[in-house]
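>>> Pasting a predicted model and its sequence here:
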Amino acid sequence: MSPTAVPTSRTEEFDAPLAELTTMRVGGPAARLVTVTTTDELVDAVREVDDADEPLLVLSGGSNLVIGDEGFPGTVVRIATSGIAQESADHCGGAMVRVAAGEVWDDVVARAVVEGWAGIEALSGIPGLAGATPVQNVGAYGQDVSQTIASVRVWDRQEQSVRTIANADCAFTYRHSLFKGTDRYVVLDVLFQFEIADLCRPIAYADLARQLGVEQGDRVPLADAREAVLAQRRRRGMVLDESDHDTWSCGSFFTNPILSPEHFADLAHAAANRLGPDGPVPPQFPEPDGRIKTSAAWLIDKAGFVKGHGMPGPAALSTKHTLAVTNRGGASAAQVADLAREVRDGVAQAFGVTLVNEPVFVGHSL
């Protein structure tokens, strides 16, 4: 008797368009696109490609990806897994919640607010899927996911095994982690440890505090914090909207530079030369290790790349925020890269600071 077939919802396409699976909406097709909806399917699909020694691209929400115009010559495995499960909860240890890699991140935040799981409310409105958040150590408005991640469960392509990596071993730093810059690990799910509370974590961002009418460090109801963050992000074109080309982007295209005190002094000198001794000065935010973080958006603007630079496009800076490179409709990946390169090189020439792109480039580079 033949064995009973195991039901599967995995799908497979050839010469499959990829642009519409990314928020930048550029890039050529995949030779093969496999969409998986369970963790087992995800592991099996990755093993299958590795066993065949073929090129592999794991596609999450596509919000941090700029695919080249030639597309991808191998297999793209698209993650569409689901599941949010509270594994334990008490007021000492908080709520331990396991989230599948394929869950839409903002849906996770919305669920956390409803359930009274505090710690990610300031990360509302960020596009993409939950599995991508530890890779980039996603953060905004004073919160990073590393503050609430207990562990990350991954498929280790090198060891050919499932591993659970504790927070302390994830090497989290600003917009970086053990998982970034390597194709060794495929995130399967993330275990979060949330505070059980009706109030948000202390408000760490000055603009957010002003909007809420509170002081920095105060706490407000979770839902109020979420709505305030969404309002801030919408004003900056950072909440996905099909009809708004300012949101056809990867969000913040460059990370905020973190400089040594000496390099920051050089930046301040360059700014004074360019903008005048009584002109605006570069923002500075001290880091625990003695370095100084400054604002990429400030550098871009003061280097002459104002909101809407490059309009009418097809690639241009957002009309709402200088930090977003956008597709105004019909842009190619090459045109997006050309604009980003113009901005990066212009800032370096003006201020001696080389901006680093946040999104991953596939099939091309800056």
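Yep, that arrived.
>>> mean confidence score for stretch 45-55?
Average pLDDT, stretch 45-55: 97.
>>> What lies in contact with that stretch?
For stretch 45-55, contacts defined as C-beta atoms under 8 Å, 6 or more residues apart in numbering pick out 10, 34, 36, 56, 58, 72-75, 77, 155, 157, 160, 186. Just so you know, the C-beta spots here come from the backbone N, C-alpha and C atoms, and that holds for glycine as well.
>>> What of stretch 275-288?
Outside stretch 275-288, the residues touching it (C-beta under 8 Å, 6+ apart) are 258, 264, 267-268, 271-272, 292-295, 298-299, 302, 351.
>>> One more pass at 6 Å, please.
258, 267-268, 271, 292-295, 298 (C-beta atoms under 6 Å, 6 or more residues apart in numbering).
>>> What is the distance between the longest strand seen in the chain and the centre of its chain?
Longest strand in the chain, counting residues (DSSP state E): strand 185-196. Put simply, strand 185-196 sits 16 Å off its chain's centre (C-alpha atoms, centre = their mean, to the nearest Å).
>>> now for it, which elements pack on it?
strand 94-100, strand 117-118, strand 149-156 (3 or more C-beta pairs under 6 Å, 6 or more residues apart in numbering; DSSP states H and E).
>>> I'd like these as a markdown table, with mean pLDDT appended.
Output for the helices and strands packed on strand 185-196, formatted as a markdown table (pLDDT from 0 to 100):
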| stretch | mean pLDDT |
| --- | --- |
| strand 94-100 | 97 |
| strand 117-118 | 98 |
| strand 149-156 | 98 |
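>>> could the ones you listed be laid out in TSV, adding mean neighbour count and distance to residue 331?
Below are the helices and strands packed on strand 185-196 laid out as TSV (neighbours: other C-beta atoms under 10 Å; distance: least, C-beta to C-beta, whole Å):
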stretch	mean neighbour count	distance to residue 331
strand 94-100	21	32
strand 117-118	24	38
strand 149-156	21	34
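>>> Of all those, which one is nearest residue 88?
strand 94-100 (4.6 Å; C-beta to C-beta).
>>> Show which residues not belonging to that closest one make contact with it.
By C-beta under 6 Å, 6+ apart, strand 94-100 touches 81-89, 108, 117, 130, 189-196.
>>> hmm, who's touching the lengthiest helix in the chain?
As assigned by DSSP state H, the longest helix anywhere in the chain is helix 333-351. Applying C-beta under 6 Å, 6+ apart, the contact partners of helix 333-351 are 26-27, 66, 68-69, 267, 270, 299-300, 303, 305, 310, 314-315, 325, 354-355, 364, 366.
>>> And the pLDDT at residue 191?
98.
>>> which residues of the stretch 101-250 of the chain fall in helices?
105-115, 133-136, 206-212, 222-235 (DSSP state H, counting those that start in this stretch).
>>> Looking at strand pairing, list the partners for residue 143.
When bridges are assigned using DSSP bridges, the partners listed for residue 143 are residue 140.
>>> hang on, isn't it packed against residue 121?
No - look at residue 143 against residue 121 with C-beta atoms under 6 Å: they stay out of range, at 7.7 Å.
>>> quick one, which of these two is more surrounded?
Neighbours were counted for residue 143 and for residue 121 using other C-beta atoms under 10 Å; residue 121 has more, 26 against 22.
>>> was I right about that one contacting residue 225?
Yes - with contact defined as C-beta under 6 Å, residue 121 counts as touching residue 225 (4.5 Å).
>>> what's the angle between the helix or strand harbouring residue 271 and helix 333-351?
Here residue 271, judged by DSSP states H and E, is contained in helix 261-275. Here helix 261-275 runs at an angle of 90 degrees relative to helix 333-351 (axes from the mean of the first three to the mean of the last three C-alpha atoms, to 10 degrees).
>>> Give me the next element, helix or strand, following helix 261-275.
Immediately after helix 261-275, counting by DSSP H and E, sits strand 285-286.
>>> Show me the contact partners of the helix or strand that comes right after that following strand.
Counting by DSSP H and E, the next helix or strand C-terminal to strand 285-286 is strand 292-293. Applying C-beta under 6 Å, 6+ apart, the contact partners of strand 292-293 are 256, 258-259, 264, 284-285, 287.
>>> can we see that at 10 Å?
Strand 292-293 is contacted from outside by 174, 255-261, 263-265, 267-268, 282-287, using C-beta atoms under 10 Å, 6 or more residues apart in numbering.
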